[in-house]
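Colleague: no letters, just coordinates:
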């Protein structure tokens, strides 16, 4: 087998470099400073997150990736305000925030649409909670439903929708509040591969069209590289930022880029970070007697 | 279709089979009852006298034990007098299906024996109002407390331990106390239904409330919902269909307290009718009245189930999927 020589993931074309320089000029929407999270369990104290520091700029798409148990879900729950950090700070537009609020929209992995409300009423929920009038909220909600392409389903109940459609409604519902940042916690984890890739391009289109900053959690390398400007790679036990990778794949993104050298180089790097080669090669070999010889003649 | 097995764990039956089995479930007891009633050699431990012959104390239509009839017959035979005739019959407390069916109509059309007494439909209506008020009063207090217990741990801690204790106390045990406090008419009866329903209701409703998916509350929080909105816009609508189902089950339980409740103080309602008819040995009427309770219970449950489908449209769509 011939190995393709890959460029370094650190190599950026002029176009990409320029884009990153420009992003860094933009205002900081979310800043996390020296964040720690400890859990007390029966076995003692566990450090779930250790010394997390990062900034997300306006209209930047940041993915957080890591093996399961690295604390990425804890991180996003802290950012959304559903859990609190043990120490450290979280600044939104430079102001410290705590507790959940409509300024940080959240899309969960499970389906969290309200089953008793129609699609339209689900999207109206946040607006109504903030005291917007029924008529205004309805008008706004319909615009957001249009944006995610579900205008035909405005009067449907969530149980009548497919998994992908439910997550589109969930995105519309979060965006309707005009949050400063959209937090997405493995939103496509429960979807099949095909729906998933369609949902990824939907999300890129939405993000392209409106002024929204996204922080997206995933454990899928391709998803992270396809979507993100920058990727925070977390290490488990304790959850720490190993590296922040600037994705060298130019925009607009296209599924065809999955085979491009810069995509593969980035993928290889993240794979090395998340799955260090040492511990796995040994574990993967099964110590087992061969029970068949069928087909051995043609397979050397 | 025909090849699919009747007994496969947790596999739904076809509509046709479901329908057939539903009918069979009612036909089977009726069949057994009919067999025992109409096939003489199956049971029939008594003999009904047709012609007393020369047995001095026999009378026409009198029911005697088969042994007694045989003994008296042989005595008469020895004395060479006229033999009594009779045919095998069931005891009076087991009327045949057709007699009960007839009683269904006649018990409504028969005038009360005394003027102070009530027609059957009046008795039934009285029972229904007792159930209604007992259940409504219990729900008015029990459902809100249950929902609050299921939503807020503090409310739960202050109510549930005591209720957990109290629900083991049999409701009829409070009968005498209820009469002392509320008099002898409807008050204590409603109180028994209330006591029998309320404590279970709080625990069941709080449990149902706790089963609400917590991620719905989290989603509402990230959308900016505040305290009261969480309760009124998420918790309550979220549990409504299950709450409705709970109430249907609890209403069934309330009926089981009815007979005891109606015996407290002055006997009233359908219970009064049953005890009265049993005293007159009109067991066909007794059976008819007991079945009426069952029919009213079943009908009200079916109506409520249909109503539930109308008022919770999202549940209907979920069932279809």
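Modeller: Yes, it's here. What you see is a predicted model, and the numbers here were worked out from it, not measured in a lab.
Colleague: care to break chain A down by domain?
Modeller: A:1-103+A:181-198+A:211-300, A:110-178 (automatic domain parsing).
Colleague: residue B:197 is nearest to which of the ones you listed?
Modeller: Ranking the domains of chain A by proximity to residue B:197 (CB to CB) places domain A:110-178 first, at 26.3 Å. For glycine as for every other residue, the C-beta is placed from the backbone atoms N, C-alpha and C.
Colleague: first-to-last residue distance for that closest one?
Modeller: End-to-end distance for domain A:110-178, by CA to CA, to the nearest Å: 22 Å.
Colleague: that domain near chain B anywhere?
Modeller: Yes. Domain A:110-178 is in contact with chain B by CB under 8 Å from any CB of the partner chain, via A:110, A:112-117, A:125-126, A:129-130, A:156-160, A:173-174, A:177.
Colleague: tell me which stretches of the stretch 1-150 of chain A form strands.
Modeller: For the stretch 1-150 of chain A, the strands defined by DSSP state E, counting those that start in this stretch occupy A:28-41, A:44-57, A:61-65, A:87-92, A:95-96, A:104-107.
Colleague: which one of the domains of chain A has the lowest average pLDDT?
Modeller: With a mean of 89, domain A:1-103+A:181-198+A:211-300 has the lowest mean pLDDT of the domains of chain A.
Colleague: how far is it from where the chain is centred?
Modeller: Domain A:1-103+A:181-198+A:211-300 has its average C-alpha position 8 Å from the chain's average C-alpha position, going by CA atoms, centre = their mean, to the nearest Å.
Colleague: show me what from chain A comes close to chain B.
Modeller: So chain A meets chain B at A:80-82, A:100-102, A:104-106, A:108, A:110, A:112-117, A:125-126, A:129-130, A:156-160, A:173-174, A:177, A:183 (CB under 8 Å from any CB).
Colleague: just to revisit the earlier point, can I get the strands of the stretch 1-150 of chain A in CSV with mean neighbour count?
Modeller: What follows is these, written out as CSV (neighbours: other CB atoms under 10 Å in any protein chain shown):
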stretch, mean neighbour count
strand A:28-41, 17
strand A:44-57, 17
strand A:61-65, 26
strand A:87-92, 16
strand A:95-96, 9
strand A:104-107, 27
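Colleague: scan the chain for its longest helix.
Modeller: Since you didn't name a chain, this refers to chain A. helix A:193-209 (DSSP state H).
Colleague: wrong one, chain B
Modeller: helix B:120-151.
Colleague: what sits against whichever residue of the stretch 51-200 of chain A sits closest to chain B?
Modeller: At 3.3 Å from chain B, residue A:102 is the closest residue in the stretch 51-200 of chain A, using CB to the nearest CB. Contacts for residue A:102 were tallied using CB atoms under 8 Å, 6 or more residues apart in numbering or on different chains; they are A:126, A:129, A:130, A:177, A:179, B:222, B:223, B:224.
Colleague: of all those residues, which comes closest to residue B:103?
Modeller: residue A:129 (60.4 Å).
Colleague: mind picking the one among the contacts of residue A:102 that's closest to residue B:247?
Modeller: residue A:129 (28.7 Å).
Colleague: outline the domain layout of chain B.
Modeller: Taken from automatic domain parsing, chain B resolves into B:1-42, B:46-89, B:109-320.
Colleague: next, the residue most central in space within chain A: secondary structure please.
Modeller: Most central in chain A under CA atoms, centre = their mean is residue A:216, positioned 1.8 Å from the mean C-alpha point. Using DSSP: H, G, I helix; E, B strand; the rest coil, the structure places residue A:216 in strand.
Colleague: tell me which residues form a beta bridge with the nearest residue to residue A:96 once chain neighbours are set aside?
Modeller: Using CB to CB, 6 or more residues apart in numbering or on different chains and skipping residues adjacent in sequence, the residue nearest residue A:96 is residue A:89, 5.7 Å away. Beta-bridge pairing of residue A:89 under DSSP bridges involves residue A:33.
Colleague: can you pull the contacts of residue A:89?
Modeller: Counting by CB under 8 Å, 6+ apart, residue A:89 has contacts A:31, A:32, A:33, A:34, A:35, A:96.
Colleague: burial of residue 74, as a residue count?
Modeller: Let's take chain A. 18 (other CB atoms under 10 Å in any protein chain shown).
Colleague: not what I meant, chain B
Modeller: 11.
Colleague: residue contacts, it?
Modeller: No contacts exist for residue B:74 under CB under 8 Å, 6+ apart.
Colleague: now do residue A:186
Modeller: Per CB under 8 Å, 6+ apart, neighbours of residue A:186: A:73, A:109, A:217, A:218, A:219.
Colleague: so where does residue B:195 fall, helix or strand?
Modeller: Assigning secondary structure by DSSP states H and E places residue B:195 in helix B:186-210.
Colleague: from the middle of its chain, how far away would the helix or strand just after that helix be?
Modeller: Once helix B:186-210 ends, the next helix or strand along the chain (criterion: DSSP H and E) is helix B:214-222. Centre-to-centre, helix B:214-222 and its host chain are 41 Å apart (CA atoms, centre = their mean).
Colleague: and if you look at stretch A:141-157?
Modeller: 23 Å.
Colleague: show me where the stretch 51-200 of chain A has its helices.
Modeller: A:72-80, A:119-129, A:134-147, A:163-176, A:193-209 (DSSP state H, counting those that start in this stretch).
Colleague: an error on my part: the question was meant for chain B.
Modeller: B:15-38, B:66-78, B:97-109, B:120-151, B:153-166, B:175-182, B:186-210, B:214-222, B:227-229, B:236-256, B:258-263, B:269-279, B:283-311, B:313-320.
Colleague: could these go into TSV alongside distance to residue A:268 and mean pLDDT?
Modeller: Shown next, in TSV, are the helices of chain B (distance: least, CB to CB, whole Å; pLDDT from 0 to 100):
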stretch	distance to residue A:268	mean pLDDT
helix B:15-38	57	93
helix B:66-78	97	88
helix B:97-109	82	89
helix B:120-151	50	94
helix B:153-166	49	94
helix B:175-182	80	90
helix B:186-210	48	94
helix B:214-222	36	95
helix B:227-229	48	90
helix B:236-256	46	93
helix B:258-263	75	88
helix B:269-279	81	90
helix B:283-311	56	92
helix B:313-320	45	63
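Colleague: TSV please, covering those and showing distance to residue A:45.
Modeller: Listed next are those as TSV, based on distance: least, CB to CB, whole Å:
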stretch	distance to residue A:45
helix B:15-38	56
helix B:66-78	84
helix B:97-109	73
helix B:120-151	31
helix B:153-166	24
helix B:175-182	55
helix B:186-210	29
helix B:214-222	25
helix B:227-229	32
helix B:236-256	35
helix B:258-263	57
helix B:269-279	64
helix B:283-311	49
helix B:313-320	43
